[in-house]
Structures are given as structure tokens and as C-alpha cells.
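Enquirer: Output the structure for:
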Amino acid sequence: QLQLVESGGGSVQPGGSLRLSCAASGFTLDYYDIGWFRQAPGKLREGVSCISRDGRTTIYAESVKGRFTISRDNAKNTVYLQMHSLKPEDTAVYYCAARIYPSAQELRLLIADFGAWGQGTQVTVSS
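Expert: Numbers count the residues shown, from 1 in each chain. Here you go, the predicted structure:
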């Protein structure tokens, strides 16, 4: 059974940093592109970043470009999301997912492309 588990969330002040981890259970992560998504209270889930299977290609939502960095260590079966210069509007539950149903060859943050969703990890940015 494909399963992803997120960790690393927490509460930080504006301007702070966190590193989220996404670990795989039951399958090898390097078979898939991996995406990070987030969902704030009362809002739709939105794509944050995605990394290709080999780690060579990454994409980011405009709202996090220059502040977040996605990376992967296939030897550890883990994908990371390093977040810097955090803002209150980054507050959300963050999820990772595997791009199991790709609708195109190029990377996309299209929710329908993704499966094996984790349970999420809460990130709160507040003073």
C-alpha cells in the first residue's frame, strides 16, 4: 500500500524557517514525481512545489518562489521542503503526494495527478 508520511511542521514567527519531510512507506519514492500541497482553513488545497523523479526539475507556486526549496534524497526515500522567510499566509496543513496519474509529461501541480496523500503536517506562522 502506497503511503506517505509528512513531518516537521510546527509554529514559528514571521520570518522564520521550517523544513518539512515526506517519507514513503511501502514503495520506492524515486518511481514518482513528488509534490507538496497546502490547505488553509476555509480554502481549497493548493499546489506549492513539485520535484521530478530524478530531482533535476522543480516547479514552485508563485507565492513561494525564492522562499521555499524542494529537494529529494532517493537513498533515504524522502522528499524535503525547506521553507524560509515564512509569512502568516503560509499557515496551513501541508501535504505531500506522489504523482501517480500524470496528465502530461511536464511537471504540474494538478491535484488530480496525485495520489498516496499523507495525513498532513500543520505549519503555523504567527507572532
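Enquirer: all contacts plus neighbour counts: C-alpha atoms, from now on.
Expert: Fine.
Enquirer: Pick out the residue nearest the middle of this structure.
Expert: The central residue of the chain, meaning the one whose C-alpha is nearest the mean C-alpha position (C-alpha atoms, centre = their mean), is residue 36 at 1.9 Å.
Enquirer: what about it, distance to residue 115?
Expert: Here the distance between residue 36 and residue 115 works out to 12 Å (C-alpha to C-alpha, to the nearest Å).
Enquirer: between these two, what contacts are shared?
Expert: Contact criterion C-alpha atoms under 8 Å, 6 or more residues apart in numbering; residues bridging residue 36 and residue 115 by contacting each: residue 97.
Enquirer: all strands for this structure, in order.
Expert: Counting by DSSP state E, one finds strands in the chain at the ranges 3-7, 10-12, 18-25, 34-39, 46-51, 58-60, 68-73, 78-83, 92-98, 121-125.
Enquirer: right, so of these, which gets closest to residue 110?
Expert: The closest of these to residue 110 is strand 46-51. By C-alpha to C-alpha, the value is 7.3 Å.
Enquirer: Brilliant, that's me finished.
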